[in-house]
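Student: What would the 3D arrangement of this be:
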Amino acid sequence: MTVRRIVANIATPDPGRARVFYEGLLGLEVVMDQGWILTLAGNGKAPPQLSFASEGGSGTPVPDLSIEVDDVDAVHARAVAAGFEVTYALTAEPWGVRRFFVRDPFGRIVNILSH
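Tutor: Numbers count the residues shown, from 1 in each chain. Prediction:
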């Protein structure tokens, strides 16, 4: 048996609101829109992963999602320009990632990072 993918499902009364943040900010593409469910995807390829944490590192809360990008500085600049709430400043962490936390339209904390 092989796990082929893991999908994060975020409950919301208005899935379409995800477009401005996840499509606009991160460049994800809509791959399914049934009205009641909107699925966005990137074109990267990575093995499925699950993380379990007691904290988010550096004393931060555990983020709801972690999204790795190739240019965290560019995404941070777009998030700030769009007026999204940055809840943890852009930081080079001692374990080798550069990241920031931003709140999505549904109140979820998203960890945006680059290795």
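
Student: what about the residue nearest to Ser51 when sequence neighbours are not counted, helix or strand, and which?
Tutor: Nearest residue to Ser51 in three dimensions, chain neighbours excluded: Ser66, at 7.0 Å (Cβ to Cβ, 6 or more residues apart in numbering). C-beta here means a position set from N, CA and C on the backbone, and glycine is covered the same way. Secondary structure from DSSP states H and E places Ser66 in strand 65-68.

Student: what mean pLDDT does that strand have?
Tutor: The average pLDDT within strand 65-68 is 96.

Student: Now the element after that strand, going C-ward?
Tutor: helix 72-82.

Student: elements contacting that following helix?
Tutor: Contacts defined by 3 or more Cβ pairs under 8 Å, 6 or more residues apart in numbering; DSSP states H and E place helix 72-82 against strand 86-92, strand 98-103, strand 109-114.

Student: 6 Å - rerun?
Tutor: strand 98-103, strand 109-114 (3 or more Cβ pairs under 6 Å, 6 or more residues apart in numbering; DSSP states H and E).

Student: relative to strand 98-103, how tilted is that helix?
Tutor: Angle, helix 72-82 to strand 98-103, by axes from the mean of the first three to the mean of the last three Cα atoms, to 10 degrees: 30 degrees.

Student: picking that back up, dump the helices and strands packed on helix 72-82 to CSV, plus mean neighbour count, distance to Thr87 and mean pLDDT.
Tutor: What follows is those, written out as CSV (neighbours: other Cβ atoms under 10 Å; distance: least, Cβ to Cβ, whole Å; pLDDT from 0 to 100):
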stretch, mean neighbour count, distance to Thr87, mean pLDDT
strand 98-103, 20, 5, 98
strand 109-114, 21, 6, 98
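
Student: got a markdown table for those strands, with distance to Val30 too?
Tutor: Shown next, in a markdown table, are the helices and strands packed on helix 72-82 (distance: least, Cβ to Cβ, whole Å):
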| stretch | distance to Val30 |
| --- | --- |
| strand 98-103 | 20 |
| strand 109-114 | 18 |
